[in-house]
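Asks: No letters, just coordinates:
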């Protein structure tokens, strides 16, 4: 039986299943109202941003509150929502606090065409929790480069959430009767204003010594941001993606790697390189000493547990995290030296200089030294590995629709043998740090549902997972944005047994469809990926638990203990690639 016949049989089977209901609008009045609230908000800002002028951000506040976002449950209440505030603060640059206007555009050229000064005359700024290029003109205007429509779906609700909570805090701080706000502790602020002391402590950790002055500033003035959109066309997004990929292919061409088969991995900028180069373990003594000198209390305590033999985690995971933290404090010359060592070990880094702020590593398998590998990847047949012509192209996971643009662009240039996706997700049935492997993915952008033979199962992950649990045979839904969902919306998916909520898997599936079929990806259809000509695997680890409204990685960022699930999944991916190349040792 041919592949197309199998494909059609799979489509028919899925069409007869309960999953087909996800390709239609919810039938109940309550469900329809919940979907409408999200759609009204999305439609409000996408249509208003077509205007050539500036728009007051407060225009979007009403529909933001009406949506009842699960990430911002207290948006319409007078009570402060520090969880949403922390989430927004981490994903926006510090300069937004003093900004008056935010301008979004796809490239520096677009800004120049509209009369803005060259970005070389602006200060480049960044946010700790979201990779995106921001520029501050020093006079109240922030420019931000967007790489896909998902950036808009992420930026607008995040800025609206920040402004809503800032305004609440202005009222609350003014009425709290605190004599010296700037000198108050998190405990004192929590007692006077409400909210958890731990959340106020998190805010102090983010703002550092500016914590007191920031609170004074919030009490003194409200926030009234204005936004403007330049461009935002599909051709513009495709051009941004192509420029980004040209940087990677430029390196591959210079290294004579462009004609080699490629395993594409969407994960993060550190795990694959750490597992294959051995740089961190070779600096173990220096890293341990650095933790003792300047590490957090959490890291120092964990180091002592390793020395006592009572630690539950993996020593290499500890070193990888310590190296990551240490790298942020090193002077540029020492960072360059470490990157050079990593390059000499076989991982060639490519930093993006485009609006698509996605770092990449190019890893030719025949240039690796198995003795450098993390022990969890071993055994490896060194002779077979040296004979492989395959290359791993690992990228920092992109946001939403940028995933489709990237994989589509990559597939047009190189011969892909495998596509492996590792990313964070909200989980409706598991816990933070658990690893989830889905066999069904519903994409809200295309409204199509994909049924896949995932390359991974729990047995590939479990041997390397120390703290969390592994769950396979899950169902994932790729949403348009982290704020663009509410409790009822999640309930609708949960009733259909969809328990993994994320943003990239669906767009990746759309790209894989176009790589393996003669037509553009469909809309509103059930699709079988039971037989694909390439190896395809999707893994997520739980970063948020929206049903409990817990303050998780979304508000706090990745902690040391979050490395457990990241590296368990990354080990599985590397072992899969090595096995596919016939280089697994005995």
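Replies: The structure has been received and is ready for your questions. Nothing here was measured: the structure is a model prediction, and the numbers come from that model. Numbering: from 1, shown residues only.
Asks: what bits of this structure have low per-residue confidence?
Replies: 1-32, 547-559 (pLDDT under 70).
Asks: Phi first, then psi, for residue 511.
Replies: The phi and psi torsions at residue 511 (degrees, to the nearest 10) take the values phi -70, psi -40.
Asks: Now do the contacts for it.
Replies: 403, 404, 407, 408, 411, 521 (C-beta atoms under 8 Å, 6 or more residues apart in numbering). The way it works is simple: take the backbone N, C-alpha and C, and place the C-beta from them, glycine included.
Asks: Would you verify that the second one is located in a strand?
Replies: Which is residue 404. No: remark: residue 404 does not belong to a strand; assigned using DSSP: H, G, I helix; E, B strand; the rest coil, it is helix.
Asks: Now do the nearest residue to it once chain neighbours are set aside against residue 139, distance only.
Replies: Of all residues not flanking residue 404 in the chain, residue 507 sits nearest, at 3.7 Å (C-beta to C-beta, 6 or more residues apart in numbering). Residue 507 sits 37 Å away from residue 139, going by C-beta to C-beta, to the nearest Å.
Asks: Name the residue in the two with the higher neighbour count.
Replies: Neighbour count, other C-beta atoms under 10 Å: between residue 507 and residue 139, residue 507 has more, with 28 against 9.
Asks: Now do the same contact list for the more buried one.
Replies: 400, 401, 402, 403, 404, 407, 443, 445, 478.
Asks: Any buried residues in the host helix or strand of it, and which?
Replies: Assigned by DSSP states H and E, residue 507 falls within helix 505-516. By neighbour count on 16 or more other C-beta atoms under 10 Å, the buried set for helix 505-516 is 505, 506, 507, 508, 509, 510, 511, 512, 513, 514, 515, 516.
Asks: List the contacts of the second one.
Replies: Remark: with contacts taken as C-beta under 8 Å, 6+ apart, residue 506 is in contact with 441, 442, 443, 444, 445, 446, 448, 450, 477, 478.
Asks: now the last one
Replies: Applying C-beta under 8 Å, 6+ apart, we find residue 516 in contact with 532, 533, 534.
Asks: So which of those wins on neighbours?
Replies: residue 532 (18 neighbours).
Asks: Check whether that residue really touches residue 512, as I assumed.
Replies: Yes: Residue 532 is within contact range of residue 512, at 7.1 Å (criterion: C-beta atoms under 8 Å).
Asks: Would you work out how far apart the start and end of stretch 443-454 are?
Replies: 16 Å (C-alpha to C-alpha, to the nearest Å).
Asks: gap between that stretch and the chain center?
Replies: 19 Å (C-alpha atoms, centre = their mean, to the nearest Å).
Asks: got the buried residues for that stretch?
Replies: 443, 444, 445, 446, 447, 448, 449, 450, 451, 452, 454.
Asks: the strands in the stretch 51-200 of the chain, which residues?
Replies: 55-56, 101-105, 123-127, 130-136, 141-145 (DSSP state E, counting those that start in this stretch).
Asks: Can you name every helix or strand that the fourth one contacts?
Replies: Just to be clear, that refers to strand 130-136. Counting contacts by 3 or more C-beta pairs under 8 Å, 6 or more residues apart in numbering; DSSP states H and E, strand 130-136 is packed against strand 123-127, strand 141-145.
Asks: Switch these over to JSON lines; also include distance to residue 170 and mean neighbour count.
Replies: Rendered in JSON lines, the data for the helices and strands packed on strand 130-136 read as follows (distance: least, C-beta to C-beta, whole Å; neighbours: other C-beta atoms under 10 Å):
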{"stretch": "strand 123-127", "distance to residue 170": "22", "mean neighbour count": "15"}
{"stretch": "strand 141-145", "distance to residue 170": "21", "mean neighbour count": "22"}
